[in-house]
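Participant: Predicted model, plus sequence, below.
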Amino acid sequence: MRAAGYHAGALADNAQSANGWQAGRTPALTAFAGAPGDLLRLLAHRAGGGIVGHSMQVARGAGRVAHALGLSARHHELVALAGLLHDVGKSLLPRRILEKPGPLDEREWAAVRRHPAAGAGLLCGCGLAEVAAWVLAHHERPDGFGYPNGLTADQIPLEARIVAVADAYDAMIAERSYRPRLEPREAVSELRRAAGSQLDAAIVDAFLATAPRRHRAA
């Protein structure tokens, strides 16, 4: 699925968008208190406002799916929190990677692939061990070709599978300097193509069923 290749190059755009975030949307961060708010502000400071905007969209999508699946209010709020903080590990990446305008080399890509574990460590340090486990697994794949642990199918926490779908969709429809964004119908087609291999098929169905109407057409 094309979303898999969209994450690395997004780092540079996220860093470059920091000024726009600081100018127009910084007050939104004040809505997040305590450790989650501190982590989100760290992410905005290190990686730019674009990645925070993406994280907010992932949180909304993940929360909708969790609610639709019948999870308790407390549970679906935690899933949304995992969506909000799924990329917080990128705040620990070197700036030369975050701000690189071109393709990443193998060593840089290996560093990016460590962001789920880095994020999980930050979350555990804030007393959010349950959310940390979901963040750690949000790049795992049902077919076993994900990272960091190569988990398969039901070995991947449900909550991480939810975040993965919301993350993939928003990554595809976002505008980036290095490639055009996909139209919603194209992104929907990509989600359906990845269902069962890169993404959990049932979660893809639930995500599309709960998405705003403009994001459903394929």
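Facilitator: Good, I have the coordinates.
Participant: which stretches of the chain have low pLDDT?
Facilitator: Residues of the chain that meet the criterion pLDDT under 70 lie in 1-33, 49, 176-179, 214-218.
Participant: In space, not sequence, find me the middle residue of it.
Facilitator: For the chain, the residue nearest the mean C-alpha position is Asp167 (3.9 Å; Cα atoms, centre = their mean).
Participant: Thought Leu84 was touching that residue, still the case?
Facilitator: No. In this structure Asp167 lies outside contact range of Leu84 using Cβ atoms under 8 Å: 11.2 Å. C-beta here means a position set from N, CA and C on the backbone, and glycine is covered the same way.
Participant: between these two, what contacts are shared?
Facilitator: Val58 (Cβ atoms under 8 Å, 6 or more residues apart in numbering).
Participant: mind listing the helices in this protein by residue range?
Facilitator: Secondary structure of the chain (DSSP state H): helices at 6-16, 18-24, 34-47, 49-68, 73-84, 95-98, 106-112, 115-125, 129-136, 158-173, 184-194, 201-210.
Participant: what's the closest of the ones you listed to Tyr147?
Facilitator: helix 115-125 (7.3 Å; Cβ to Cβ).
Participant: elements contacting the closest one?
Facilitator: helix 129-136 (3 or more Cβ pairs under 8 Å, 6 or more residues apart in numbering; DSSP states H and E).
Participant: Buried residues of the helix it packs on, list them for me.
Facilitator: Of all the residues in helix 129-136, those buried under the rule 16 or more other Cβ atoms under 10 Å are Val131, Ala132, Ala133, Trp134, Val135, Leu136.
Participant: okay if I get those residues as TSV plus distance to Ala194?
Facilitator: Formatted as TSV, the buried residues of helix 129-136 follow (distance: Cβ to Cβ, whole Å):
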residue	distance to Ala194
Val131	24
Ala132	25
Ala133	23
Trp134	19
Val135	20
Leu136	21
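Participant: Between the residues you listed, which sits nearest Ala202?
Facilitator: Nearest to Ala202 among the buried residues of helix 129-136 is Trp134, at 16.8 Å by Cβ to Cβ.
Participant: Test my guess that the closest one contacts Ala164.
Facilitator: No. Trp134 is not in contact with Ala164 according to Cβ under 8 Å; the separation is 9.8 Å.
Participant: In space, what's closest to Ala153 - neighbours in sequence excluded?
Facilitator: Distances taken as Cβ to Cβ, 6 or more residues apart in numbering put Pro142 closest to Ala153, at 4.9 Å, once the chain neighbours are dropped.
Participant: and the one you found, how many neighbours?
Facilitator: Using other Cβ atoms under 10 Å, Pro142 has 23 neighbouring residues.
Participant: ditto for Gly102
Facilitator: Gly102: 8 surrounding residues under other Cβ under 10 Å.
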